[in-house]
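Asker: attaching a predicted model along with its sequence, questions to come.
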Amino acid sequence: MVVSIVRWCILVFTLIFAIVVLGISGHLIAVRPTDYWRFAALAVAVSSLTILTFPVILIVNTFMVRDQDISAERILGEAGWITIMWILWLATAANATHATRVHFFSGGCSFFSGYSNKICNEFRVVEAFSYIIFIVLLGYMIGLMVYEFTRDQPQGDPARQTANVEAAAPVTTSTGGTDPKVRPGIGG
């Protein structure tokens, strides 16, 4: 139950921020359609990918899976996709930071007036929101991995699991030692 609530909160939060980044980056591309800023194109692509895939994760995990039925493969698959997304968001944030530093000096937005000030602030908004999304997704991925590796696995019949453990145990001989050649189910 807790995993579902945390998943909903984080993915919806990320989705809202991705919509903001998509809008601002789209405006930055519209300002210069022939010679657009490359970080804005990357931001549009990454935010579009986020907007297309995160609702799918939410829908599948909400309507098709119960908390106690979440398989390790599903969690690891989600963690893998989240890892790809935080890497893309980090690349977007780093490119926005580089573009901001190249086109405007540090703290330079306050020295510009009018349209240049607006563009400078839009650079910084894309940069800030991309870093926030990166940090949130990185933390969520780490949390997913911790959850996966620390949760109990109540799968299957306990008697069958005990039988599997007993079958894997070494066979003792009459002298009290173990005979590595004789194993149940393996040649003996």
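Answerer: Cool, the structure landed.
Asker: in the chain, which segments are predicted with low confidence?
Answerer: Counting by pLDDT under 70, the chain contains low-confidence ranges at 1, 65-70, 105-113, 153-188.
Asker: can you give me the helices in it?
Answerer: Using DSSP state H, the helices of the chain run over residues 2-31, 38-63, 72-103, 115-150, 158-168.
Asker: tell me the buried residues in the third one?
Answerer: In terms of neighbour count (16 or more other C-beta atoms under 10 Å), helix 72-103 has its buried residues at 74-75, 78-79, 81-83, 85-86, 88-97, 99-100. For every residue, glycine as well, the C-beta is placed using N, CA and C.
Asker: and for stretch 51-63, what are the contacting residues?
Answerer: 4, 7-8, 11-12, 14-15, 18-19, 22, 70, 74, 78, 81, 85 (C-beta atoms under 8 Å, 6 or more residues apart in numbering).
Asker: and what of stretch 98-106?
Answerer: Contacts for stretch 98-106 (C-beta under 8 Å, 6+ apart): 37-39, 112, 120, 123-124, 127.
Asker: switch to 6 Å and redo it
Answerer: For stretch 98-106, the surrounding residues in contact (C-beta atoms under 6 Å, 6 or more residues apart in numbering) are 37, 39, 120, 123, 127.
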